[in-house]
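**Student:** coords please:
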Amino acid sequence: MGKPGVLLVLITTALLTSACYPYAAPCPAIAQATAVSVAVSREYVPQVKTLRLKACQEGACKEADLELFGGSVSVDQGCGPDGVCSATASPDGTMMGILMLDSLTEAPMALTATGTAPDGAALPVRTLDFRPRGAYPYGEQCGRFVTASVKLDAEGLHDVS
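**Tutor:** Purely as a prediction, here's the structure:
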């Protein structure tokens, strides 16, 4: 076997060996927010001026007035011939608020929502006991993400995690 033959064997061996080696999939460079998010339903938004949330988990509680901002939905804009896909955000009439926490686990959590209406009257006190959910949205190699999301409407708080 001459030099070209040896070179061909080495290249083939390198390609086959690297094709069989289990490379770890890359993980996105994003951090998990330790927070509870609240979505105020579009129908209930006109009745809410301010919103305060208290969250208790594993003996620790945190309470704060929430800054409310407009919610949105993603609108698919399709994929181009180059395979690049896109979406845009479109307002959906909801309002969103976020209560940042020191930690967030899958342990049971108790929420209490209070607030005021535009006329200054107190909103009904709403409570919810639920469990935040953990998942591996980017694969197990990227770690578990725990989310706590609720919806507030005229009937009360609802778990949407």
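**Student:** Show the subsequent helix or strand relative to the longest strand seen in the chain.
**Tutor:** Taking DSSP state E as the criterion, the chain has its longest strand at strand 85-100. The first helix or strand that comes after strand 85-100 along the chain, using DSSP states H and E, is strand 109-116.
**Student:** For that next one, buried residues please.
**Tutor:** Along strand 109-116, the positions that meet the burial threshold by neighbour count (16 or more other C-beta atoms under 10 Å) are 109, 111-115. (C-beta placed from N, C-alpha, C; glycine too.)
**Student:** Equivalent analysis for stretch 149-161, please.
**Tutor:** 149-153, 157, 159, 161.
**Student:** gap between it and the chain center?
**Tutor:** With C-alpha atoms, centre = their mean, to the nearest Å as the basis, the distance from the averaged C-alpha position of stretch 149-161 to the chain average is 15 Å.
**Student:** Then stretch 34-52?
**Tutor:** The chain centroid and the centroid of stretch 34-52 are separated by 17 Å under C-alpha atoms, centre = their mean.
**Student:** and that stretch, average pLDDT?
**Tutor:** In this model, stretch 34-52 has an average pLDDT of 97.
**Student:** likewise stretch 105-121?
**Tutor:** In the prediction, stretch 105-121 has an average pLDDT of 97.
**Student:** contact partners of that stretch?
**Tutor:** When contacts are taken as C-beta atoms under 8 Å, 6 or more residues apart in numbering, the neighbours of stretch 105-121 outside the stretch itself are 36, 38, 46-58, 122-123, 125-134, 146, 148, 150, 152, 157.
**Student:** Ok, stretch 148-161 next?
**Tutor:** For stretch 148-161, contacts defined as C-beta under 8 Å, 6+ apart pick out 35-41, 43-44, 47-48, 51, 55, 104, 109, 111, 113, 126-128, 130-133, 147.
**Student:** how about stretch 132-152: buried residues?
**Tutor:** With the criterion 16+ other C-beta under 10 Å, stretch 132-152 contains buried residues 132, 145-152.
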